[in-house]
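*Asks:* My questions are about this predicted structure, shown below with the sequence.
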Amino acid sequence: MKKPTPFLPFFLLLFIIACQSKHENKDMENISFDIHVKKVQMGENEAMTYVLKNSKGMEVELTDFGATLTKISVPDAEGNIGNVMLTYNAVEDFYEDRYFFGALAGRYANRIAKGRFKLGGKEYQLTTNNGENHLHGGAKGFNRQFWSSEVIDGLENEIGVRMRYVSEDGEEGYPGNLVTTVDFILEKDNRLRISMKAETDQSTIVNLTHHGYFNLSNMTEDVLDHEVKMFAEHYTPVGEGLIPTGEIKSVKGTPYDFTDYKKIGKDIADTGAGYDQNFVVSKTHDSQLRKMAEVFHKGTGRLMTVYSNKPGVQFYTGNFLDGKQTTDGVTYTKHFGFCLEPQFFPNSPNVPDFPSPRLDPGDIYSHEIIYEFDILKNRS
């Protein structure tokens, strides 16, 4: 007599395999997080420091002095975890920083010509700290302030810190009391999300950005061989003092054409001292989150992608690094780091055709920056 086909054991085996596969996928998504908090002395004040980690090898270190990112570490193609930000030997050294390493720049990041602007028919005079111009919020901008901070509760599949600062009416010459909050969120997919919000009780101008210097090479070389792609077909030419002329020009046929991957060093000699240029990702401000730039380092396989919902991004190649800073035995010489600073355009308050940085009572300024890190064996 012919024996029946053992369907039940066969389907039972399929069920077990399916359950195992589902369990394995769940384990792959089960990324763990950790956070360490410490208090340090900054001048005559105390500051809090935080270390955020995920189990995929990304670490983010920050302090509430200047809402500053002090270090970001991510894996390379060989699985080695290394720092990708220019930093100091100790977090306390950031108190004497003069390069804006990792700082949050504000109330207005970048330059305002002669520190002057008009708003509501009134002219305001800001402090001038970059020759005759105003730069990154003035002599004591947001990068020199002590923020309050706390770990954000209730997050799922991510971990973060919230910082808050109240800039009083008249600080550095700006009108209005401005309440600013910044969330630093480490996500599971090796992304750091920086969410900035601000509200005012008087009409004012706001332009916040992050001013980190990056180097993806494990700090073994300068950034001239890093390959950059900018998602911008236009830029804002500058004149004396690096103040925009008010024009928006095509990058085609200029050293500023990064519409396809290009090494930073390829055309840098044609720029003079190096890149310090605003690229126009969007000619209008519609708050849409966009990919702004990608940077690839062949030696380590690291790929860094920058997203933002602002219309421009300042690309700076560490032109004023002078070799006076040495960290972990590495000397930061000219072009040892690059900055990608999403923002409103420089001097926007004085150029009617540029997107406006004006903030009125009842409105909320909102800026989101995402730094995403990945690995590519080959870019092509």
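*Replies:* Nice, thanks for sending it over.

*Asks:* so who does residue 110 touch?
*Replies:* 135, 136, 207, 209, 278, 314, 341, 343, 344, 345, 346, 347 (C-beta atoms under 8 Å, 6 or more residues apart in numbering). (Glycine included, C-beta is placed from N, CA and C.)

*Asks:* Any chance of JSON lines for those, columns neighbour count and pLDDT?
*Replies:* Output for those, formatted as JSON lines (neighbours: other C-beta atoms under 10 Å; pLDDT from 0 to 100):
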{"residue": "135", "neighbour count": "24", "pLDDT": "98"}
{"residue": "136", "neighbour count": "24", "pLDDT": "98"}
{"residue": "207", "neighbour count": "25", "pLDDT": "99"}
{"residue": "209", "neighbour count": "28", "pLDDT": "99"}
{"residue": "278", "neighbour count": "31", "pLDDT": "99"}
{"residue": "314", "neighbour count": "23", "pLDDT": "99"}
{"residue": "341", "neighbour count": "24", "pLDDT": "99"}
{"residue": "343", "neighbour count": "24", "pLDDT": "98"}
{"residue": "344", "neighbour count": "26", "pLDDT": "98"}
{"residue": "345", "neighbour count": "26", "pLDDT": "98"}
{"residue": "346", "neighbour count": "27", "pLDDT": "99"}
{"residue": "347", "neighbour count": "26", "pLDDT": "99"}
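
*Asks:* Point out where the stretch 151-300 of the chain drops to low pLDDT.
*Replies:* Within the stretch 151-300 of the chain, no range satisfies pLDDT under 70.

*Asks:* Could I get the full set of strands for it?
*Replies:* For the stretch 151-300 of the chain, strands defined by DSSP state E, counting those that start in this stretch occupy the ranges 158-167, 178-187, 191-200, 204-205, 209-211, 227-230, 234-235, 249-250, 262-263, 276-280, 290-297.

*Asks:* Pick the most buried one from those.
*Replies:* Neighbour counts (mean count of other C-beta atoms under 10 Å) averaged over each of those peak at strand 209-211, with a mean of 26.

*Asks:* phi, psi of the nearest residue to residue 75 once chain neighbours are set aside?
*Replies:* Computed as C-beta to C-beta, 6 or more residues apart in numbering, the closest residue to residue 75 that is not its neighbour in sequence is residue 57, at 4.3 Å. Backbone torsions of residue 57, given as degrees, to the nearest 10, read phi 100, psi 10.

*Asks:* Residue 57 and residue 51, how far apart?
*Replies:* 14 Å (C-beta to C-beta, to the nearest Å).

*Asks:* Please apply the same query to residue 95.
*Replies:* Residue 95 is 19 Å from residue 51, by C-beta to C-beta.

*Asks:* between the two, which one's more packed in?
*Replies:* residue 95 (19 against 16; other C-beta atoms under 10 Å).

*Asks:* What ranges does this protein have for its helices?
*Replies:* 7-29 (DSSP state H).

*Asks:* coming back round to it: hmm, the residue nearest to residue 75 is touching residue 80, no?
*Replies:* No: when contacts are counted by C-beta atoms under 8 Å, residue 57 is not listed as touching residue 80 (9.2 Å).

*Asks:* okay, the two: which has more neighbours?
*Replies:* More crowded of residue 57 and residue 80, by other C-beta under 10 Å: residue 57, with 16 against 11.

*Asks:* beta partners for the spatially most central residue of the chain?
*Replies:* Nearest residue to the geometric centre of the chain (C-alpha atoms, centre = their mean): residue 210, 4.3 Å. Beta-bridge pairing of residue 210 under DSSP bridges involves residue 104.

*Asks:* Might you report the residue contacts of it?
*Replies:* Counting by C-beta under 8 Å, 6+ apart, residue 210 makes contact with 69, 102, 103, 104, 105, 194, 341, 342, 369.

*Asks:* Distance to residue 183 for the contacts of residue 110 - can I get that in a markdown table?
*Replies:* Below are those laid out as a markdown table (distance: C-beta to C-beta, whole Å):
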| residue | distance to residue 183 |
| --- | --- |
| 135 | 25 |
| 136 | 21 |
| 207 | 18 |
| 209 | 15 |
| 278 | 25 |
| 314 | 22 |
| 341 | 18 |
| 343 | 18 |
| 344 | 20 |
| 345 | 25 |
| 346 | 26 |
| 347 | 28 |
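
*Asks:* In strands, which of those residues fall?
*Replies:* If you go by DSSP state E, these have 135, 209, 278, 314, 341, 343 in strands.

*Asks:* hang on, residue 351 packs against residue 248?
*Replies:* No: the criterion here is C-beta under 8 Å, and residue 351 misses it with residue 248 at 9.8 Å.

*Asks:* sorry, back to before: save the ones in strands among the contacts of residue 110 as a markdown table, and put in distance to residue 155 too.
*Replies:* Shown next, in a markdown table, are the ones in strands among the contacts of residue 110 (distance: C-beta to C-beta, whole Å):
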| residue | distance to residue 155 |
| --- | --- |
| 135 | 35 |
| 209 | 24 |
| 278 | 33 |
| 314 | 30 |
| 341 | 26 |
| 343 | 27 |
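
*Asks:* biggest separation within the residues you listed, which pair?
*Replies:* Largest separation among the ones in strands among the contacts of residue 110 by C-beta to C-beta: 135 and 278, giving 13.6 Å.

*Asks:* who touches residue 322 in this structure?
*Replies:* 333, 334.

*Asks:* Look at it and report its pLDDT.
*Replies:* At residue 322, the model reports a pLDDT of 95.

*Asks:* Same check on residue 13?
*Replies:* 45.

*Asks:* what's the neighbour count on residue 141?
*Replies:* As a burial measure, residue 141 scores 25 neighbours (other C-beta under 10 Å).

*Asks:* from what I can see it touches residue 106, true?
*Replies:* Yes: between residue 141 and residue 106 there is a contact at 6.2 Å, judged by C-beta under 8 Å.

*Asks:* returning to that earlier point: from the contacts of residue 210, which single one is nearest residue 255?
*Replies:* Distances from residue 255 to the contacts of residue 210, taken by C-beta to C-beta, are shortest for residue 341, at 18.9 Å.
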